[in-house]
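Chemist: what follows is a predicted structure for the sequence shown.
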Amino acid sequence: MKNRHLLFVYILVLLFSNAYCQAQTNEKLAAQYLSNGETDKAVMLLEQIYLKDLSNEQNYRSYVNSLLQLKQFEKAEKVIKKRPKKFYPQALYHFDLGNLFLKQGENNKAVKEFEKSITAVDDNIAYASQLIASFFEINELDLIKKLIANQRIKNNDPSLFYNELSKVNFIQNNKSAIIEEQLDFVQAGLISIQQAQNAFSDYLTEQNELQLLRNVLLKKSQLNPNFGFYNELLAWVYVQLKDYEAGLTQNIALDRIRRGEGETILNYAAICKENAAFDVAIKAYQYIITQGIDNEYLAIAKLNLLLTQKSKAISLNQTAQSLLALKPLFENYIQLNDGGNNAAIARKAYAELLAYYLQDPNLATSVLEKIIEDQIGKPNFINECKLVLGDVYLMTGEIWEAALLYGQVDKANKDEPIGQLAKFKNAQLAYYTSEFEWAKSQLDILKSSTSQLIANDAINLSLIIADNTNLDSTSDALSLYAKADLFIIQQKYKQANLVLDSINLLYPAHELADDVLWTKSQIDLKLNDTTAAVQKLTQLVAMDIEGLWADDALFCLANTYDTLLHDRKKGMEYLQRLIVEMPGSLYAVAARKLFRKWRGDDL
């Protein structure tokens, strides 16, 4: 008796398993038919799948949509009308009938059913949301507007489905309606200023549309001076329009209204600096300083004014005389503010200026050693100073001292970004001294670095080593190339060029030829010989579009034309080549972002 019972259970399980497997097979096969455009084959399987579970909405939709696609309207109507009402809300039932009539060209019948669907929703937000999505699928935008208006009344919520309504207005190109509704909602406290900014970013994509928003805000702020959010949104719009001067004026007004004592201006100055609007950032910091309010913002403004002046001089490739003029400014600031964190930050920036731009590594060394000795600032800041000091030691030929500092930071910050940077610098150092095997072992570890920049640099250097230390060749040419790289770090550009030229003479047609060309182009840029740099970069791209340095060359050409030759149109051509011809490049994402920024898209 017991054995019979077990046999019965076994048979049931077997039958259920077979049925389940068959159902799974039918679903996969139907999906495959639909993917191949063979709807006529899929529809028979979809019918079987639907009839096994009438409650499954997805199976029902797939089946009905396939019938409509095959223009089997009579059968589709029967399926819609026969579906059990307990699985089928009236709103969706009337929508499906309306869609059926629409497909048959019976527009009057369709409209009647759609109207019934809107009424049948009542105050059910979930059904309304589903119905809105369905109306979007068939592009019935006016019906969506009517449904949303109906839902707002029934649910006593004037902001209900505001994103969906903005989407409708966007599709219908009714930007004024988007602006008015978002501003009304902010005024009523139904959405935040940030939510309105997000909506404007999504839906106002052209310059003239942002200008329309600016004009509306200007008018409303004048008519309603007590509503401060208009001024806040205006300040945001000026940033989107890149009208930083007007934005500063607006932020000053906003700071006065809020009695912020400089906080708003300080935040705005940081935005200007980030967008390379250095003159406006400098004005902003100077405004805070001239107010004479002795608070935390005053101290930060004084420091950031100095750092922005340095960034401006470096970014705009100013003359040595202009850079030299910064020296007394740093010295004066450090003397007046000695002992605190801000002074330590200024000291580090001063040391970088001395070492990298004013060719005074000895003074830079003493400044950095003082910071490290005093231990002023957070551990991460001290580690940053150690790395800069290591770079300075490398510039002066003190290889062992540099390796010691890089090793300290690496050991103390395992798996941290600054530790990975220290490991990379130590690997570079080994490469400079022709310890290629050890250098490559460290670089291979860094290929999976969390920092994309470090990972990219590690991959490039590892490839150079691998390509030039194989069994079929000696590493003599690579040793010369590494020596030239070290000369560049030490700012001995004449010696670097001589060594690079010797590679071409001693090893003609060597695999390092494109690497030599790339490096020589970077020396030209450092020496402000833009014409020579562009010539070499163009040659590099022409040599081999799939070469190691081709994407670097295209990206460098784009930035060179924009920043140094003031020809953004030409720069965009090189970005477009990089995006189209090298979609797998590590620069692809940055190139797309920069292309959109230069084109004027709102990012």
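Modeler: On my side now, so go ahead. Numbering: from 1, shown residues only.

Chemist: where does the stretch 151-300 of the chain have low pLDDT?
Modeler: Applying pLDDT under 70 to the stretch 151-300 of the chain flags no residue at all.

Chemist: hey, where'd the helices end up in it?
Modeler: 162-171, 175-187, 193-203, 207-223, 229-240, 244-258, 263-274, 278-291, 296-315 (DSSP state H, counting those that start in this stretch).

Chemist: got the angle between the fifth one and helix 244-258?
Modeler: Right, helix 229-240. Per axes from the mean of the first three to the mean of the last three C-alpha atoms, to 10 degrees, the angle that helix 229-240 makes with helix 244-258 is 160 degrees.

Chemist: could you check the angle helix 263-274 makes with helix 229-240?
Modeler: Using the same axes, to 10 degrees: helix 229-240 against helix 263-274 is 10 degrees.

Chemist: now do helix 229-240: which elements does it pack against?
Modeler: helix 175-187, helix 193-203, helix 207-223, helix 244-258, helix 263-274 (3 or more C-beta pairs under 8 Å, 6 or more residues apart in numbering; DSSP states H and E). (C-beta placed from N, C-alpha, C; glycine too.)

Chemist: same question for the shortest one.
Modeler: With contacts defined as 3+ C-beta pairs under 8 Å, 6+ apart, helix 162-171 has these neighbours: helix 141-154, helix 175-187, helix 193-203.

Chemist: what residues of it count as buried?
Modeler: 162, 164, 165, 166, 167, 168, 169, 170 (16 or more other C-beta atoms under 10 Å).

Chemist: same check, this time on stretch 454-469
Modeler: 454, 455, 457, 458, 459, 460, 461, 462, 464, 465, 468, 469.

Chemist: what do you get for stretch 369-381?
Modeler: For stretch 369-381, by 16+ other C-beta under 10 Å, it's 371, 376, 377, 381.

Chemist: now do it: distance from first to last residue.
Modeler: 13 Å (C-alpha to C-alpha, to the nearest Å).

Chemist: for that stretch, give me every contacting residue.
Modeler: 339-341, 343-345, 347-348, 351, 382, 385-386, 389, 418 (C-beta atoms under 8 Å, 6 or more residues apart in numbering).

Chemist: repeat for stretch 432-449
Modeler: Taking C-beta under 8 Å, 6+ apart as the rule, stretch 432-449 contacts 394, 399, 420, 423-424, 426-428, 430-431, 454-455, 458-459, 461-462, 465-466, 469, 475, 478-479, 482-483, 485-486, 489.

Chemist: hmm, 7 Å instead?
Modeler: Contact with stretch 432-449 is made by 399, 420, 423-424, 426-427, 430-431, 454-455, 458-459, 461-462, 465-466, 469, 475, 478-479, 482, 485-486, as judged by C-beta atoms under 7 Å, 6 or more residues apart in numbering.

Chemist: avg pLDDT for stretch 305-321?
Modeler: Across stretch 305-321, pLDDT averages out at 83.

Chemist: actually stretch 425-432, sorry about that
Modeler: 95.

Chemist: quick revisit: the helices and strands packed on helix 162-171: which one's closest to residue 299?
Modeler: helix 193-203 (28.7 Å; C-beta to C-beta).

Chemist: and the closest one, what other elements does it pack with?
Modeler: Packed against helix 193-203 by the contact rule (3 or more C-beta pairs under 7 Å, 6 or more residues apart in numbering; DSSP states H and E) you find helix 162-171, helix 175-187, helix 229-240.

Chemist: what residues sit buried inside that helix?
Modeler: Buried, per 16+ other C-beta under 10 Å, within helix 193-203: 195, 196, 197, 199, 200, 203.

Chemist: thought residue 213 was touching residue 237?
Modeler: Yes: in this structure residue 213 lies within contact range of residue 237 using C-beta atoms under 7 Å: 5.6 Å.

Chemist: so which of the helices and strands packed on helix 162-171 comes closest to residue 596?
Modeler: helix 193-203 (12.8 Å).

Chemist: rewinding a little: will you turn the helices and strands packed on helix 229-240 into JSON lines that also has distance to residue 104?
Modeler: Shown next, in JSON lines, are these (distance: least, C-beta to C-beta, whole Å):
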{"stretch": "helix 175-187", "distance to residue 104": "33"}
{"stretch": "helix 193-203", "distance to residue 104": "35"}
{"stretch": "helix 207-223", "distance to residue 104": "39"}
{"stretch": "helix 244-258", "distance to residue 104": "56"}
{"stretch": "helix 263-274", "distance to residue 104": "56"}
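
Chemist: tell me which of those helices approaches residue 59 most closely.
Modeler: helix 193-203 (33.8 Å).

Chemist: tilt between that closest one and helix 162-171?
Modeler: 30 degrees.

Chemist: please save the CA atoms from helix 193-203 in PDB.
Modeler: The C-alpha trace of helix 193-203 is given here as PDB (Å, rounded to 0.1, in the frame of the first residue of the first chain):
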ATOM      1  CA  ILE A 193      13.800  73.600  -5.900                       C
ATOM      2  CA  GLN A 194      16.100  70.600  -6.700                       C
ATOM      3  CA  GLN A 195      13.200  68.700  -8.200                       C
ATOM      4  CA  ALA A 196      12.300  71.700 -10.400                       C
ATOM      5  CA  GLN A 197      16.000  72.000 -11.500                       C
ATOM      6  CA  ASN A 198      16.000  68.300 -12.400                       C
ATOM      7  CA  ALA A 199      12.900  68.700 -14.500                       C
ATOM      8  CA  PHE A 200      14.300  71.700 -16.300                       C
ATOM      9  CA  SER A 201      17.500  69.800 -17.000                       C
ATOM     10  CA  ASP A 202      15.500  67.000 -18.500                       C
ATOM     11  CA  TYR A 203      13.100  69.000 -20.600                       C
END
